[in-house]
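3D, please:
(one chain, ligands or ions: 2)
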Amino acid sequence: MAPAFEPVPVPKDTEIQTETPHDTSNTVNNDAQVDYKSRVTVVGSGNWGSVAAKLIASNTLKLNSFHDEVRMWVFEETLQCGEKLTDVINRTNENVKYLPGIKLGKNVIADPDLENAVKDANMLVFVTPHQFMEGICKRLVGKVRGDAEAISLIKGMEVKMEGPCMISTLISENLGINCSVLMGANIANEIAVEKFSEATVGYRDKREIAEQWVRLFSTPYFVVTPVQDVEGVELCGTLKNVVAIAAGFVDGLDMGNNTKAAIMRIGLREMIAFSKLLFSSVRDSTFFESCGVADVITTCLGGRNRKVADAFAKNGGKRSFDELEAEMLQGQKLQGVSTAREVYEVLSHRGWLELFPLFATVHEICVGRLPPSAIVEHSERKPKLPLFYSVS
Ligand SMILES: NC(=O)c1ccc[n+]([C@@H]2O[C@H](COP(=O)([O-])OP(=O)(O)OC[C@H]3O[C@@H](n4cnc5c(N)ncnc54)[C@H](O)[C@@H]3O)[C@@H](O)[C@H]2O)c1
Ligand SMILES: O=P(O)(O)OC[C@H](O)CO
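Residues are numbered from 1 along each chain as shown. Ligands and ions are numbered 1, 2, ... in the order given. So this is what the prediction gives:
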């Protein structure tokens, strides 16, 4: 039988197996002509969004089961030169604001119209800062294909009255489609210049869907491994940004490598415990994939969250994160500060604050209730945590 992605098998990629079709009741284009090939749209065009489009576009040209064109939704803005960002991307094949100096591939088409960008795609790649996803999902209700599959590259979560909501769940629930995730030790600028990296695809139950995503993203310099643990993979990508803020404080205060390693270890321990308290299905082994320990390391060494937290600590907490972000990142967005607040909300509501001293302290420093130096004295307090992972 043929897969939902490709109703009829094509000569290459025939190893992809069958799956059950989705409920198509609240979606459009159900009567669309049968298409042999998958169409990919990337929703987002920041630093990572642009690199993701480049990776994908290099593969759609090579693989018969995909249309060459990769549509990339751009949150439109007018550049200092007076031109629209979309026009410049389509004219120069470069995202001059968020990924300057890198050609995306001529088959990447920038599109400022969100509905138009998604309407024909059966593979939707979501990669925007997490704080914009609720609004984007609302705009897309009923606008995506019934047979679409989604993947989220977004590191973050929402907190609702009912509790925490992962971005993949937000997408699935709003759009009525399955959503996998791709996370990992992936500083976008390094992948843009084709330095070797690994990544992890987290999938729910359909291995063949994960394999399709792996094929779409994999290159010799970008090695992707599928893991059947959506929540574990996504929580790794989300929570490591809080650890990165802590590591940045340590750097800003010149506390040295041993202290930074200690903070990374305590942070990883809290990541594991928090993930397992939220979802008992989360696997220990996920934390040893690229999305886990490797992402903690790279983000604490070279990420934007680390960099801005370093500046925050050097300024003694006197300049706000918003101010530093605007000054240092030229429109790119931090995820760690808002994620620390969201995690703190979960901890407060559930009475877990004392169990997660590092997570709680990061938020309290970010909002000015504690000085940056508190990161060590508070985080090293022995949490009353049982060991949530098995040590064999
Ligand atoms: N940059 C990286 O190295 C990297 C690596 C892995 C994962 N990620 C994750 O990818 C996600 C996207 O990050 P990025 O680096 O591509 O983006 P970015 O921070 O570089 O850029 C910000 C993006 O947000 C857009 N934007 C601004 N206001 C908006 C609005 N109101 N609505 C919608 N979009 C708006 C901008 O146009 C821009 O595309 C984040 O969750 C991030 O954690 C980033
Ligand atoms: O630059 P950051 O801090 O947003 O981190 C980038 C990536 O998530 C690292 O994997």
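
longest strand anywhere in this protein?
Assignment by DSSP state E gives strand 66-73 as the longest strand of the chain.

export that strand as CSV, just CAs?
C-alpha atoms of strand 66-73 as CSV (Å, rounded to 0.1, in the frame of the first residue of the first chain):
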residue,chain,number,x,y,z
PHE,A,66,9.2,15.6,-3.6
HIS,A,67,8.4,18.6,-5.7
ASP,A,68,11.5,20.7,-6.1
GLU,A,69,9.9,23.9,-4.8
VAL,A,70,10.1,24.7,-1.1
ARG,A,71,7.8,27.5,-0.1
MET,A,72,8.9,29.5,2.9
TRP,A,73,6.5,31.7,4.8
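
that one pairs with which strands, and in what direction?
strand 38-43 (parallel), strand 108-111 (parallel) (DSSP bridges).

and those, which is most packed in?
Mean neighbour count (mean count of other Cβ atoms under 10 Å) peaks for strand 38-43 among these, with a mean of 26. Every C-beta, even on glycine, is put in place using the N, C-alpha and C of the backbone.

now what about that strand, what contacts it?
5-6, 49, 52-53, 56, 60, 65-67, 69-73, 114, 117-118, 120-128, 136, 212, 216 (Cβ atoms under 8 Å, 6 or more residues apart in numbering).

how far does that strand sit from the chain's center?
16 Å (Cα atoms, centre = their mean, to the nearest Å).

and the longest strand of the chain with ligand 1, contact?
No: applying Cβ under 6 Å from any ligand atom, one finds strand 66-73 separated from ligand 1 by no less than 9.0 Å.

could you list the buried residues of the helix or strand following that strand?
Next along the chain after strand 66-73, taking DSSP states H and E as the criterion, comes helix 85-92. Neighbour-count burial for helix 85-92 flags 85-86, 88-90 (criterion: 16 or more other Cβ atoms under 10 Å).

out of the strands paired with strand 66-73, nearest to residue 94?
strand 108-111 (9.9 Å; Cβ to Cβ).

kindly provide the distance from the residue of the chain found nearest ligand 2 to ligand 1.
Proximity of the chain to ligand 2 (Cβ to the nearest ligand atom) peaks at residue 303, 2.6 Å away. From residue 303 over to ligand 1 the distance is 7 Å, taken as Cβ to the nearest ligand atom, to the nearest Å.

state the number of residues packed around that residue.
Residues lying near residue 303 (other Cβ atoms under 10 Å) number 24.

between the two ends of stretch 324-342, how far is it?
20 Å (Cα to Cα, to the nearest Å).

ok, that stretch near ligand 1 or not?
Yes: using Cβ under 6 Å from any ligand atom, stretch 324-342 reaches ligand 1 at 332-333, 335.

what lies in contact with that stretch?
Outside stretch 324-342, the residues that touch it by Cβ under 8 Å, 6+ apart are 46-47, 77, 97-98, 129-131, 155-159, 164, 238-239, 241-242, 244-245, 304-305, 307-309, 311-312, 315, 321, 359, 362-363, 366-367.

same thing but 6 Å
Applying Cβ atoms under 6 Å, 6 or more residues apart in numbering, the external contacts of stretch 324-342 come out as 47, 129, 155-157, 159, 238, 241-242, 244-245, 305, 308, 311-312, 321, 362-363, 366.

what residues does the stretch 251-392 of the chain have near ligand 1?
Neighbours of ligand 1 within the stretch 251-392 of the chain, by Cβ under 6 Å from any ligand atom: 332-333, 335.

which of the residues you listed fall in helices?
The helices in this structure, assigned by DSSP state H, contain none of these.

picking up where we left off before, quick check: which of the strands paired with strand 66-73 is nearest to residue 143?
Taking Cβ to Cβ as the criterion, strand 38-43 is the member of the strands paired with strand 66-73 that comes nearest to residue 143, at 11.4 Å.

alpha carbons only: can I get the closest one in PDB?
Provided in PDB are the C-alpha atoms of strand 38-43 (Å, rounded to 0.1, in the frame of the first residue of the first chain):
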ATOM      1  CA  SER A  38       5.100  15.700  -1.600                       C
ATOM      2  CA  ARG A  39       5.100  19.500  -1.400                       C
ATOM      3  CA  VAL A  40       7.000  21.100   1.500                       C
ATOM      4  CA  THR A  41       6.300  24.400   3.100                       C
ATOM      5  CA  VAL A  42       8.500  25.900   5.800                       C
ATOM      6  CA  VAL A  43       6.500  28.200   8.200                       C
END
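
just give me the neighbour total for whichever residue of the stretch 1-150 of the chain sits closest to ligand 1.
Using Cβ to the nearest ligand atom, the closest approach of the stretch 1-150 of the chain to ligand 1 is made by residue 46 at 2.2 Å. When neighbours are defined as other Cβ under 10 Å, residue 46 has 21 of them.

what does residue 336 give?
If we define neighbours as other Cβ under 10 Å, then residue 336 has 30 of them.

what do you get for residue 366?
Neighbour tally, residue 366, other Cβ under 10 Å: 24.

what's near enough to touch it?
Taking Cβ under 6 Å, 6+ apart as the test, what residue 366 contacts is 337, 340.

where's it relative to residue 313, distance?
11 Å (Cβ to Cβ, to the nearest Å).

what of residue 226?
With Cβ to Cβ as the criterion, residue 226 and residue 313 are 38 Å apart.

more neighbours, those two?
residue 313 (23 against 19).

wait, that one sits on residue 249?
Yes: the criterion here is Cβ atoms under 6 Å, and residue 313 meets it with residue 249 at 4.5 Å.

any shared contact partners between those two?
Shared contacts of residue 313 and residue 249 (Cβ under 6 Å, 6+ apart): residue 372.
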